[in-house]
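Enquirer: Fold the following for me, if possible:
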Amino acid sequence: MTAAPSVTAIVADAEWLAHRYDPEHDAFHFRRVARAARAEVPFLTDLHLGEENAPVVLRRSDCRAAATAQGAVPAPLHFLFHSAYCASTMLAQALDQPGISTSLSEPVLLNDMVGWRRRGAAARDHARAMDDALTMLARGFTAEEAIVVKPSNIVNPLARGALTLRPEARAILLHAPLRAFLLSVARKGLWCRLWCRELLENYLADGFVQLGFEARDYFRQSDLQVAAVGWLAQQQAFAALIDWAPNRIASLDSEILTRDPVAAVSAAMDHLNLAGDRGAIADHAALGRNSKSGTPFAKGERQRDLAEAEAAYGEEIAQVVGWAEAVADQAGIPLTLPAPLLTR
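Expert: Presented below is the predicted three-dimensional model:
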């Protein structure tokens, strides 16, 4: 039998993805995922990577000691926080450039940190584990690479904490305009409407929704109103983040990203202080394919999808947008975020 790699060897090798955190045993689960394999999937989840039946389980303290003993200068770590249905996966993939930056799209490790906090983790214990989790994620394939982490949007309640733990980190807050977001939810059908309700349930458990509603009010809201509440909660939090650290955080509108992805990726690289040839961005495979399916974009595909959704759901969405704008006005939430990477 081949001997299992040592803790030092695993921590030193970025192919060993820090995949899960087990708070009961205070241990990280690692699975080996080559860079090429990561580029082939939209998210670093078991659904897309396949189940790992034999992860390597290492005590968190041993991982921290190994990282400290190696004495290497930590790789720059940055974040791409998003509010869903805003081409965040495409942007993350476009920022994955060997020798320049490594992207981690929705690592489950951070979801575990959310779940543990929600189950009542002590704040100090959680902060220590989160610090080590970020260290395990910030391992590039080469010494020159920065790391760009795109968490799932269920991690948004931890955004400020993560940025506090990494004071040199910069962040991009990617969001779709309210109407475009609701069009995406409507056209994706029942499963997406249910997902929006699940997201709101989680945000309520995290104390992330500060809009003045009582708990019973959500039972009286339509699916698209619930989706709008989730969008408003994230917009409110994003605006507060920018106000908290304006020199480190920039916003990006998904409509600007999809209209001119080359300019948007270039601006994102500038903001994150990433090196690299800006002239090569247009040739990146991520800009010419569907980030979820991997199939090439058909000309006008996105515009047709939105037009069809507008025809089917436009009247309902117009009513919800008007309602949400009134809620935003009352709560002081900007419908357009400040500190844009690019303007229209």
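Enquirer: Go ahead and report the secondary structure state at residue 250.
Expert: strand (DSSP: H, G, I helix; E, B strand; the rest coil).
Enquirer: For it, list each beta-bridge partner.
Expert: Applying DSSP bridges to residue 250 gives these bridge partners: residue 172.
Enquirer: Next, count neighbours for it.
Expert: 23 (other CB atoms under 10 Å). In short, each C-beta sits where N, CA and C put it, glycine included.
Enquirer: Hmm, it is touching residue 271, no?
Expert: Yes - with contact defined as CB atoms under 8 Å, residue 250 reaches residue 271; the gap is 5.0 Å.
Enquirer: hey, what's in contact with both of these two?
Expert: 170, 172, 341 (CB atoms under 8 Å, 6 or more residues apart in numbering).
Enquirer: roughly how far apart are the last one and residue 220?
Expert: This points to residue 341. 38 Å (CB to CB, to the nearest Å).
Enquirer: What's the local residue count around residue 52?
Expert: Residues within reach of residue 52, counting by other CB under 10 Å, total 16.
Enquirer: Who does the nearest residue to it once chain neighbours are set aside form a beta bridge with?
Expert: Distances taken as CB to CB, 6 or more residues apart in numbering place residue 31 nearest to residue 52, at 4.3 Å, with adjacent residues excluded. Beta-bridge pairing for residue 31 (DSSP bridges): residue 17.
Enquirer: Am I right that residue 31 is in contact with residue 17?
Expert: Yes - shown here, residue 31 and residue 17 form a contact pair, counting by CB under 8 Å, at 5.6 Å.
Enquirer: More neighbours: the two, which one.
Expert: Each of residue 31 and residue 17 has its neighbours counted (other CB under 10 Å); residue 17 has more, 25 against 20.
Enquirer: Can you verify my assumption that that one contacts residue 107?
Expert: Yes - the criterion here is CB under 8 Å, and residue 17 meets it with residue 107 at 7.4 Å.
Enquirer: what ranges do the strands span in the protein?
Expert: 16-22, 27-32, 56-59, 77-82, 101-105, 146-150, 171-175, 249-253 (DSSP state E).
Enquirer: Now find how far off-centre the fourth one is within its chain.
Expert: Looking back up the chat, that one is strand 77-82. 6 Å (CA atoms, centre = their mean, to the nearest Å).
Enquirer: Would you mind getting the angle between that strand and strand 146-150?
Expert: Counting by axes from the mean of the first three to the mean of the last three CA atoms, to 10 degrees, strand 77-82 lies at 20 degrees to strand 146-150.
Enquirer: now what about strand 77-82, what contacts it?
Expert: Outside strand 77-82, the residues that reach it (CB under 8 Å, 6+ apart) are 88, 91-92, 95, 134, 137-138, 146-151, 153, 155-156, 159, 162-163, 166, 168-175, 238, 241, 272.
Enquirer: For stretch 95-102, buried residues please.
Expert: 95-97, 100-102 (16 or more other CB atoms under 10 Å).
Enquirer: from the residues you listed, which single one is nearest residue 285?
Expert: Closest approach between the buried residues of stretch 95-102 and residue 285, by CB to CB: residue 96, at 9.9 Å.
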